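Novice: based on what follows, work out the 3D shape:
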Amino acid sequence: MRIYEIFYSIQGEGRESGKPTVFIRTVGCNLRCTYCDTTYAYTGGEEMDIDTILKIVQRYPCRNVCITGGEPLLQNDVLKIVSRLSKEGYSISIETNGSISIKPLIRFRDILISLDIKCPSSHMQDKMDMKNLDYLRDKDQLKFVISDRIDYEYAKEVLEKHPVPCPVFFQPVWGVDPSRIAEWILKDGLEVYLGLQIHKIIWGENGH
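Specialist: Sure, this is the predicted structure:
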């Protein structure tokens, strides 16, 4: 696998927000979202075999692992590392951008799939594989990154057409006033969570 970095930090997003986690960041992404905060992981990194990755993960006093990117599902060995970490007893989450089928992941009953659906401000909404919404389980999570009212209404429409069994997070693009999105959620009575990137609140925009 091509790995950009492996680091130990606090999970900043979603239902595991606040939990100490070891992050495995893969290299490469097939999307180019306008607000992307990990453009540095489009290229670079180094090739690592699964044993090397596991040895690095084992250095940290933590049993929670998040595989992120870039886009992890572009990596040929991603299912192998998920399987290996699972056998080693790690609690695993995997963050994916919504453009690649998550169907191969659902056989892993113990992992948390964090699925994005891109909204219009990303300019990538037409790249989404909407069939992924049918594969989500109650233990997974769905995230919409929201910049403005157009994004918000788009996310609402997706949820009306594709109800999901898992928690849904409306996460403001970093720098967008979250109170606006909070007000819209409250006014419409949506059963969603307002997601804040707490790692950025703690360490700043580029920190972990």
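Novice: what about the longest helix belonging to the chain, average pLDDT?
Specialist: If each helix of the chain is counted by residues according to DSSP state H, the longest one is helix 149-161. For helix 149-161, mean pLDDT is 98.
Novice: that one: what's the following helix or strand?
Specialist: strand 168-172 (DSSP states H and E).
Novice: quick one, that next one and helix 149-161 angle?
Specialist: 170 degrees (axes from the mean of the first three to the mean of the last three CA atoms, to 10 degrees).
Novice: ok, strand 168-172: who's next to it in the sheet?
Specialist: Strand 168-172 pairs in its sheet with strand 141-146 (parallel), strand 193-194 (parallel), by DSSP bridges.
Novice: thinking again about what came up before, how far off centre is the longest helix of the chain?
Specialist: 19 Å (CA atoms, centre = their mean, to the nearest Å).
Novice: cool, and stretch 142-156?
Specialist: With CA atoms, centre = their mean, you get 16 Å for stretch 142-156.
Novice: quick revisit: okay if I get the strands paired with strand 168-172 as a markdown table plus mean neighbour count and mean pLDDT?
Specialist: To be clear about C-beta, it is placed using only N, CA and C from the backbone, and glycine gets the same treatment. Output for the strands paired with strand 168-172, formatted as a markdown table (neighbours: other CB atoms under 10 Å; pLDDT from 0 to 100):
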| stretch | mean neighbour count | mean pLDDT |
| --- | --- | --- |
| strand 141-146 | 25 | 98 |
| strand 193-194 | 17 | 98 |
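Novice: format these as JSON lines; extra columns: distance to C166.
Specialist: Below are those laid out as JSON lines (distance: least, CB to CB, whole Å):
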{"stretch": "strand 141-146", "distance to C166": "5"}
{"stretch": "strand 193-194", "distance to C166": "11"}
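Novice: where does pLDDT dip in the protein?
Specialist: Residue ranges of the chain with pLDDT under 70: 206-208.
Novice: on the three-state scheme, V82 is what?
Specialist: The three-state label for V82, taken from DSSP: H, G, I helix; E, B strand; the rest coil, comes out as helix.
Novice: residues in contact with it?
Specialist: 67, 92, 94, 105, 108, 111 (CB atoms under 8 Å, 6 or more residues apart in numbering).
Novice: identify the farthest-apart pair in these.
Specialist: I67 and F108 (11.4 Å; CB to CB).
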